[in-house]
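Participant: predicted model and sequence follow; I will ask about them next.
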Amino acid sequence: MQAALLVANARRADIGGNPAGWLAVDSDGVIAGEGTGNAPAGDYGEIIDADGDLLFPGLIDTHAHYREPGLTHKGSMATESRAALAGGITAFFDMPNTVPPTVTVADVKAKKLIAARSAAINYAFFPAATEQTAGILDELMAEGVPGIKLFIGATTGGLGAPEGRALGALFAACARRGLPVMVHAEDNGIIADNAEYYVNKYGTRATVPTACHALIRSGAACRAATRRAVDLALRYGTRLHIAHVSTAAEVALLRTVKAAGDCGITAETTAMYLDPEFCKPERHADNRLKVNPAIKFEEDRKALLDAVADGTVDTLGTDHAPHLPAEKDGGALTAASGTPSAQFALPVMLEYLPSDVICDRMAASPARLFGLLRRGELREGYVADFSLVETGHPHRITDEDVLSPCGWTPFAGRTVHSRVRAVWLSGREAYRDGRFSGVVPSGLVFG
């Protein structure tokens with residue numbers, strides 16, 4: 001074999017049991033060969049001895065908030081993409097909760113220009129659904145959007161959903177084009193009723209404690225909105241991806257719907273909802289863990305872990321959403337919701353998920369569901385985005401490790417046993433041991 005680069009003596013993270021393996025990359029940044037066991041003899045321009053590190057495909061974070069434009073005091077495409085790169089992530093899909101919100105073709109183009117100048121990894125941008133979106137879908141798709149983001153339930157940024165005939169027109173138009181709708185599913189009416197109850201109980205909005213967040217943005221609110229989105233998708237034949245699933249009730253609904261046949265309905269969860277520490281009742285008072293939807297309870301976490309393991313939940317995102325510490329002050333109805341997680345999501349999830357499950361749910365499955373060509377797998381002919389992850393060396397995550405300008409992480413104080421040692425984009429080393437090389441990402445292609 002002849003190749004520009006050989007990674008030898010690795011352990012394949014994408015194969016159960018992590019057998020020894022290798023990867024060869026040609027001069028165009030494409031995987032020229034891969035396999036288990038020893039690498040074949042050949043003419044290699046460079047040989048990297050992985051020394052037993054796990055070899056991961058580049059992770060694809062299909063749910064991220066990089067805060068640009070308009071919110072760059074929290075983070076930017078430059079800062080957050082570098083934090084993600086240090087976490088083994090080589091592509092992100094940015095959500096539309098910016099200032100201005102991403103709703104038009106011009107908005108998408110503006111974000112792409114920013115990313116072209118500053119993003120350290122590959123990128124794509126979700127526009128938010130409005131009453132006008134159905135009429136501009138072709139123009140949006142020409143810009144390479146992965147789907148449309150629909151907010152059934154208000155969250156950070158105040159984006160709402162189209163109603164009535166406009167909502168049906170959107171689902172029908174997306175169905176005709178095979179374009180996914182990603183939905184944030186929480187029921188505003190249930191949340192408002194719950195909030196009113198706790199405001200009456202505690203006196204004012206400002207005095208409702210953070211511990212009530214999971215009771216206000218409740219499991220019932222999530223299930224009701226998810227049921228509504230599923231019904232719309234089934235009615236119109238639309239591909240639906242349910243973002244940040246957080247409850248056992250939603251898992252049960254997904255199992256029922258998927259058991260009925262190939263319905264085009266898929267789902268995501270995040271490390272925040274799977275974490276064995278974060279679902280403990282005493283942690284509900286921690287503002288660092290205040291996210292929308294709220295982190296729920298142990299029975300929800302267990303159901304979500306099972307759903308990730310058996311494929312009922314199809315993808316893992318980070319929902320990376322930095323805020324400054326001062327913005328996280330307050331209570332259930334006043335503190336900002338959102339938390340930065342991209343930099344440490346992989347080593348944290350390796351504490352409780354097998355590496356091959358992570359590879360599928362955060363690389364192969366996102367690429368497949370959103371139509372990313374030649375990404376997400378360590379396969380011959382695919383773009384050579386990959387990382388090496390060192391294991392067996394426990395270390396404690398601290399706020400001082402954080403690359404985002406927000407300066408904190410919800411995982412501070414956590415001991416993990418792996419770290420991302422180096423990352424390659426299109427076969428070129430982009431990150432190693434805290435240093436960034438400035439490699440320009442090659443760009444995503446949807447098909």
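Facilitator: That came through, no problem.
Participant: which one is Ala412 nearest to, not counting chain neighbours?
Facilitator: Leaving aside its sequence neighbours, Ala412 sits nearest to Asp399 (Cβ to Cβ, 6 or more residues apart in numbering; 5.0 Å). (Glycine included, C-beta is placed from N, CA and C.)
Participant: what bridges to Arg428?
Facilitator: Leu425 (DSSP bridges).
Participant: list the contacts of the residue nearest the centre of the chain.
Facilitator: Centroid check for the chain by Cα atoms, centre = their mean gives Gly317 as the closest residue, at 2.2 Å. By Cβ atoms under 8 Å, 6 or more residues apart in numbering, Gly317 lies in contact with Asp61, Thr62, His63, Ala64, Ala243, His244, Glu268, Thr269, Thr270, Met362.
Participant: residue contacts, the first one?
Facilitator: I take that to be Asp61. Applying Cβ under 8 Å, 6+ apart, the residues near Asp61 are Ala84, Ile89, Ala91, Phe92, Phe93, Gly317, Thr318, His320, Ala342, Met362.
Participant: among the residues you listed, which ones are buried?
Facilitator: Ala84, Ile89, Ala91, Phe92, Phe93, Gly317, Thr318, His320, Ala342, Met362 (16 or more other Cβ atoms under 10 Å).
Participant: out of these, which are inside strands?
Facilitator: Ile89, Ala91, Phe92, Phe93, Gly317 (DSSP state E).
Participant: export stretch 229-245 as PDB, just CAs?
Facilitator: C-alpha atoms of stretch 229-245 as PDB (Å, rounded to 0.1, in the frame of the first residue of the first chain):
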ATOM      1  CA  ALA A 229     -44.600  16.800  16.700                       C
ATOM      2  CA  VAL A 230     -44.800  13.100  16.000                       C
ATOM      3  CA  ASP A 231     -48.400  13.400  15.000                       C
ATOM      4  CA  LEU A 232     -47.500  16.100  12.500                       C
ATOM      5  CA  ALA A 233     -44.700  14.100  11.100                       C
ATOM      6  CA  LEU A 234     -46.800  11.000  10.700                       C
ATOM      7  CA  ARG A 235     -49.600  13.000   9.100                       C
ATOM      8  CA  TYR A 236     -47.400  14.600   6.400                       C
ATOM      9  CA  GLY A 237     -44.700  11.900   6.100                       C
ATOM     10  CA  THR A 238     -42.000  14.300   7.300                       C
ATOM     11  CA  ARG A 239     -38.600  13.300   8.500                       C
ATOM     12  CA  LEU A 240     -38.600  14.400  12.200                       C
ATOM     13  CA  HIS A 241     -35.600  14.600  14.600                       C
ATOM     14  CA  ILE A 242     -36.500  15.200  18.200                       C
ATOM     15  CA  ALA A 243     -33.800  17.200  19.900                       C
ATOM     16  CA  HIS A 244     -32.500  16.700  23.400                       C
ATOM     17  CA  VAL A 245     -34.900  14.000  24.600                       C
END
